[in-house]
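> with the input below, show me the fold.
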Amino acid sequence: MLPSYQHTIKYRARAFTGDTHRARNRRRRRVLAAAPKESRAIDGLTLFGLVAVTAMLITYALEDRKAWFTLGFAAACVLGSVYGFLQGAWPFGLVEAIWALVALVPPAPGVGGNVTR
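Predicted structure coming up:
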């Protein structure tokens, strides 16, 4: 615990800069109130990206079960790539397009797949 004079100095410094909890909460409320309500909602492009990435995660997790999930993963990567380019994040779109191609290439013989012992 700080000695009383240091605590007083620290408290006064915070009060001087306006960096108190109450002041920060007031600033947050003002910013949120000033933002248009449309900006708080999820737009169509964001929802499309959310669906694409969710589909990628689900199909990637289920890839070992059926070959159809690998095809679904490739399709979800294409959707993710489209989302990346539409959003303006072209590196993300490029990487997702590469992942779609990698998912469609069959593994070399003896590589990957279920190993039986």
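
> can you list the buried residues in the helix or strand in which residue 45 is found?
For residue 45, the element it lies in under DSSP states H and E is helix 44-61. Buried residues in helix 44-61, defined by neighbour count with 16 or more other CB atoms under 10 Å: 48, 49, 52, 53, 55, 56, 59, 60. C-beta coordinates here come from the backbone N, C-alpha and C atoms, glycine included.

> export those as TSV, with columns for distance to residue 25 and pLDDT.
Listed next are these as TSV, based on distance: CB to CB, whole Å; pLDDT from 0 to 100:
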residue	distance to residue 25	pLDDT
48	34	94
49	32	92
52	36	94
53	33	93
55	39	95
56	38	94
59	43	94
60	41	93
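
> and those as JSON lines, adding distance to residue 87?
What follows is those, written out as JSON lines (distance: CB to CB, whole Å):
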{"residue": "48", "distance to residue 87": "9"}
{"residue": "49", "distance to residue 87": "7"}
{"residue": "52", "distance to residue 87": "11"}
{"residue": "53", "distance to residue 87": "12"}
{"residue": "55", "distance to residue 87": "17"}
{"residue": "56", "distance to residue 87": "15"}
{"residue": "59", "distance to residue 87": "21"}
{"residue": "60", "distance to residue 87": "21"}
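
> how many residues are close by the residue nearest to residue 77 when sequence neighbours are not counted?
Leaving aside its sequence neighbours, residue 77 sits nearest to residue 100 (CB to CB, 6 or more residues apart in numbering; 3.7 Å). Look at residue 100: counted by other CB atoms under 10 Å, it has 19 neighbours.
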